[in-house]
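A.B. asks: The following comprises the amino acid sequence and a computationally predicted model.
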Amino acid sequence: MALDRTDVEKIAHLARLATEESELPGYADDLSNILKLVEQMDAADTANVEPMAHPLDMAQRLREDEVTEENQREHFQNIAPQVESGLYLVPKVIE
């Protein structure tokens, strides 16, 4: 897929990029070469290629699920402005 000057101007406008008039042909060539490379890579047959690495094949190291801090609920609720039945009361924000 070959891009021309107007395509580059549209892309630059959408991306909010400032471009010099003299640089537009070079950008068009560079972007066209990138798209040609993508087309070549897309044409490669990868049906029988096994992935070399994949993050889902890895196992997570998990830690033991144990309590590491003491319960400070009473302490924090004693300094709260309003508490009822173990819940913090806050002013209504949305009507």
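C.D. replies: Thanks, I have the structure now.
A.B. asks: rest of the way, CA atoms for contacts and neighbours
C.D. replies: OK.
A.B. asks: Find the residue at the geometric middle of the chain.
C.D. replies: For the chain, the residue lying nearest the average C-alpha position, counting by Cα atoms, centre = their mean, turns out to be P55 (16.5 Å).
A.B. asks: Regarding the protein, what is its longest helix?
C.D. replies: In the chain, ranked by residue count with DSSP state H as the criterion, the top helix is helix 24-43.
A.B. asks: Show me the contact partners of it.
C.D. replies: Residues outside helix 24-43 that contact it (Cα atoms under 8 Å, 6 or more residues apart in numbering): 1-5, 7-9.
A.B. asks: ok, 6 Å please
C.D. replies: Counting contacts by Cα atoms under 6 Å, 6 or more residues apart in numbering, the residues outside helix 24-43 that touch it are 2-5, 8.
A.B. asks: Give me the buried entries from the residues you listed.
C.D. replies: Judged by neighbour count, with 16 or more other Cα atoms under 10 Å as the criterion, the buried members of these are 3-5, 8.
A.B. asks: which of the residues you listed lies closest to A80?
C.D. replies: When the buried ones among the contacts of helix 24-43 are compared for distance to A80 (Cα to Cα), V8 wins out at 59.4 Å.
A.B. asks: just to revisit the earlier point, how distant is the helix or strand just after the longest helix of the chain from the center of its chain?
C.D. replies: Where DSSP states H and E defines the elements, the next helix or strand beyond helix 24-43 is helix 73-78. Distance, stretch centre to chain centre, for helix 73-78: 39 Å (Cα atoms, centre = their mean, to the nearest Å).
A.B. asks: how about A2, secondary structure?
C.D. replies: For A2, the assignment made with DSSP: H, G, I helix; E, B strand; the rest coil gives coil.
A.B. asks: residue contacts, it?
C.D. replies: S32 are the contacts of A2 under Cα under 6 Å, 6+ apart.
A.B. asks: What does the pLDDT read for it?
C.D. replies: Reading off the per-residue confidence, A2 sits at a pLDDT of 86.
A.B. asks: returning to that earlier point: with distance to D42 added, can I get the buried ones among the contacts of helix 24-43 in JSON lines?
C.D. replies: Below are those laid out as JSON lines (distance: Cα to Cα, whole Å):
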{"residue": "L3", "distance to D42": "18"}
{"residue": "D4", "distance to D42": "22"}
{"residue": "R5", "distance to D42": "25"}
{"residue": "V8", "distance to D42": "23"}
